[in-house]
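A.B. asks: sequence unknown, structure follows:
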């Protein structure tokens, strides 16, 4: 391409390229620069000895299609505040550095591209499809305050699946109207979605299945309308969803099942609208505020080491009862272990008592009946003082009744002196004998009372032994 074939604006760009000078058209009104000129410049542009060539363009309109598919561009490309008539095509290209900050584009096709530096799309306005699927970025990817709108709701507005970023992926304040795909992506640093807005009502807003992040996933004040999919993600740092607003009514709002996460923070925001799924996740510290939990949660086989902030058991138990998967003993054991690590034995006992009561509801009628007896007698072994109260009450009733009317001795010449307290104890305690029960025989109503005391004593003894055995075996 000859310089005489270029417009005055294009000639300025051509001459500036060799020295890497910036060409700013903002004060000249919007100047058009043909995409074919930029392509020729980037592939075969003039060079000057001792200078570093670069394309630095501000405030231009890029006319036509910039087609750099599978090209190798070894210079810096910076096109700030530019307006593109057609989506650039960079699939398979290898670039040194690309900056499109504050530009307006109808799309970007850069699948399988390779960028040896960073890619900046800060504050870009894109009315179309952005594809970086399978791309490799040696630096960072910047999407801060970008606004992306899909022309076709069936297509992802931002396709980052299988993307590899060797630094951070910064998308603070990103506004994406459509699906954002990050499934299978690898980010060596942190993924920053603070103050972002992801909107795709009735479908996936963020699909990040099997995402691998080297540090943190930051989503403070994130607003998501649609499903967030994190199944199988690996995030050794923290997933920070403080003050986040998640909504997908009637369906799953957040799925983080089968994940491995260092710390998971979910508090400070409104109640989640939709389902929360943490099944089979492995989390070291779960920072969970009860008020944010939705009406339906799925926690089957969730494993965590620490549960914060410290809350009474009465505020934590509802999350286990909201699991629509039915009775899950593992969930109760996890919550019990978390309380024991903090030394709150009372809360741990309450969780175990709630576990037994929940399990009772799954039993046949005779199992439920026996469970009610254990619960009333000793609280399944977690309230042993209740058994002492029953025994003292029955001892008092029996002692008074038998003191008012002594039962007749079976053998008057051999019978010991009658003692109403020890006679009642003989009836109540099946493994201890004071010689009173075998020597006297009550009649009438007192005989009925004796039968009641014997049966009640056996029930209390059995439930106490069962409860103590259950408690000891758990220590």
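C.D. replies: Right, received. Where do you want to start? Please read all numbers here as calculations on a predicted model, not as lab measurements.
A.B. asks: for residue 68, which non-adjacent residue is closest in space?
C.D. replies: Taking CB to CB, 6 or more residues apart in numbering as the measure, residue 68 lies nearest to residue 93, with 4.7 Å between them; neighbours along the chain are not counted. For glycine as for every other residue, the C-beta is placed from the backbone atoms N, C-alpha and C.
A.B. asks: can you report how many residues neighbour the one you found?
C.D. replies: Each residue near residue 93 was counted by other CB atoms under 10 Å, and the total is 22.
A.B. asks: was I right to think it contacts residue 74?
C.D. replies: No: Residue 93 lies out of contact with residue 74 (CB atoms under 8 Å); the separation is 11.5 Å.
A.B. asks: tell me where the model's unsure across the protein.
C.D. replies: Within the chain, the stretches with pLDDT under 70 are 1-4, 153, 324-325, 370, 373-374, 376-388, 463-475.
A.B. asks: span of stretch 113-130 from start to end?
C.D. replies: Using CA to CA, to the nearest Å, one end of stretch 113-130 lies 13 Å from the other.
A.B. asks: pick out the residue nearest the middle of the chain.
C.D. replies: Computing the C-alpha centroid of the chain and ranking residues by CA atoms, centre = their mean puts residue 256 first, at 4.8 Å.
A.B. asks: can you tell me the closest non-neighbouring residue to that residue?
C.D. replies: Once flanking residues are discounted, residue 256 sits nearest to residue 230: 4.4 Å by CB to CB, 6+ apart.
A.B. asks: give me the buried positions along the helix or strand hosting residue 253.
C.D. replies: With elements delineated by DSSP states H and E, residue 253 resides in strand 245-255, which encompasses its position. For strand 245-255, the neighbour count (16 or more other CB atoms under 10 Å) marks 245-248, 252-255 as buried.
A.B. asks: okay if I get the residues you listed as a markdown table plus distance to residue 37?
C.D. replies: Listed next are the buried residues of strand 245-255 as a markdown table, based on distance: CB to CB, whole Å:
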| residue | distance to residue 37 |
| --- | --- |
| 245 | 46 |
| 246 | 47 |
| 247 | 47 |
| 248 | 47 |
| 252 | 50 |
| 253 | 49 |
| 254 | 48 |
| 255 | 48 |
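A.B. asks: nearest to residue 340 among those residues?
C.D. replies: residue 254 (28.2 Å; CB to CB).
A.B. asks: who's in contact with the residue nearest to the centre of the chain?
C.D. replies: The neighbours of residue 256, taking CB atoms under 8 Å, 6 or more residues apart in numbering as the test, are 230-231, 233, 239, 264, 277-278, 281.
A.B. asks: and for residue 224?
C.D. replies: The contact partners of residue 224, taken as CB under 8 Å, 6+ apart, are 197-199, 205-206, 244-248, 253.
A.B. asks: for it, give the beta-bridge partners.
C.D. replies: For residue 224, the beta-bridge assignment (DSSP bridges) gives partners residue 198, residue 246.
A.B. asks: secondary structure element for residue 62, which one?
C.D. replies: strand 60-63.
A.B. asks: quick one: residues in contact with the next helix or strand after that strand.
C.D. replies: Taking DSSP H and E as the definition, the helix or strand that follows strand 60-63 towards the C-terminus is strand 72-80. Contacts to strand 72-80, defined as CB under 8 Å, 6+ apart, come from residues 17, 20, 22, 42-43, 45, 52-60, 62, 93-103, 117.
A.B. asks: which of those residues are buried?
C.D. replies: Here, 16+ other CB under 10 Å leaves 17, 20, 42, 45, 53-60, 62, 93-95, 97-103, 117 buried among these.
A.B. asks: which strands and helices sit next to the strand holding residue 62?
C.D. replies: In this structure, strand 60-63 packs against strand 31-34, helix 35-44, strand 83-84, with contacts taken as 3 or more CB pairs under 8 Å, 6 or more residues apart in numbering; DSSP states H and E.
A.B. asks: about what we covered before: run a quick neighbour tally on the residue nearest to residue 256.
C.D. replies: The local packing of residue 230 (other CB under 10 Å) involves 26 other residues.
A.B. asks: ok, back up a step: just the ones in strands from the contacts of strand 72-80, please.
C.D. replies: Secondary structure defined by DSSP state E assigns 22, 54-58, 60, 62, 94-99 of those to strands.
A.B. asks: I'd like these as CSV, with distance to residue 290 appended.
C.D. replies: CSV is the format used below for the ones in strands among the contacts of strand 72-80 (distance: CB to CB, whole Å):
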residue, distance to residue 290
22, 55
54, 55
55, 55
56, 54
57, 54
58, 52
60, 54
62, 53
94, 51
95, 49
96, 51
97, 47
98, 46
99, 45
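A.B. asks: closest one to residue 33 out of these, please.
C.D. replies: Looking at those and their distance to residue 33, the nearest is residue 60, at 4.8 Å (CB to CB).
A.B. asks: where's that closest one relative to residue 76, distance?
C.D. replies: Residue 60 sits 16 Å away from residue 76 when distances are taken as CB to CB, to the nearest Å.
A.B. asks: how about stretch 443-459: buried residues?
C.D. replies: Of the residues in stretch 443-459, those buried (16+ other CB under 10 Å) are 446, 449-450, 453-454, 456-457, 459.
A.B. asks: which among the residues you listed gets closest to residue 317?
C.D. replies: Checking these against residue 317 with CB to CB, the nearest one is residue 459 at 27.6 Å.
A.B. asks: could you measure the closest one against residue 453, distance?
C.D. replies: Distance check for residue 459 against residue 453: by CB to CB, it reads 11 Å.
A.B. asks: next, count neighbours for residue 86.
C.D. replies: Taking other CB under 10 Å as the criterion, the count of residues near residue 86 is 16.
A.B. asks: surely it and residue 128 touch.
C.D. replies: No: in this structure residue 86 lies outside contact range of residue 128 using CB under 8 Å: 10.0 Å.
A.B. asks: now for these two: what residues contact both?
C.D. replies: A shared contact of residue 86 and residue 128, defined by CB under 8 Å, 6+ apart, is any residue touching both; here these are residue 106.
A.B. asks: mind listing what residue 113 touches?
C.D. replies: By CB under 8 Å, 6+ apart, the residues touching residue 113 are 90-95, 132, 135-136.
A.B. asks: so which of those residues comes closest to residue 423?
C.D. replies: Minimum distance to residue 423 across those is 87.6 Å, recorded for residue 132 (CB to CB).
A.B. asks: just want the phi and psi numbers for the closest one.
C.D. replies: Reported as degrees, to the nearest 10, the phi and psi values for residue 132 are phi -120, psi 30.
A.B. asks: now it: how far from residue 366?
C.D. replies: 63 Å.
A.B. asks: the two: which is more packed in?
C.D. replies: Counted by other CB under 10 Å, residue 132 and residue 366 do not tie: residue 132 has more neighbours, with 29 against 8.
A.B. asks: for residue 219, see how far away that one is.
C.D. replies: Spatial separation of residue 132 from residue 219 under the definition CB to CB is 20 Å.
A.B. asks: the strands in the stretch 301-450 of the chain, which residues?
C.D. replies: Under the criterion DSSP state E, counting those that start in this stretch, the stretch 301-450 of the chain carries strands at the ranges 303-308, 408-409, 440-441.
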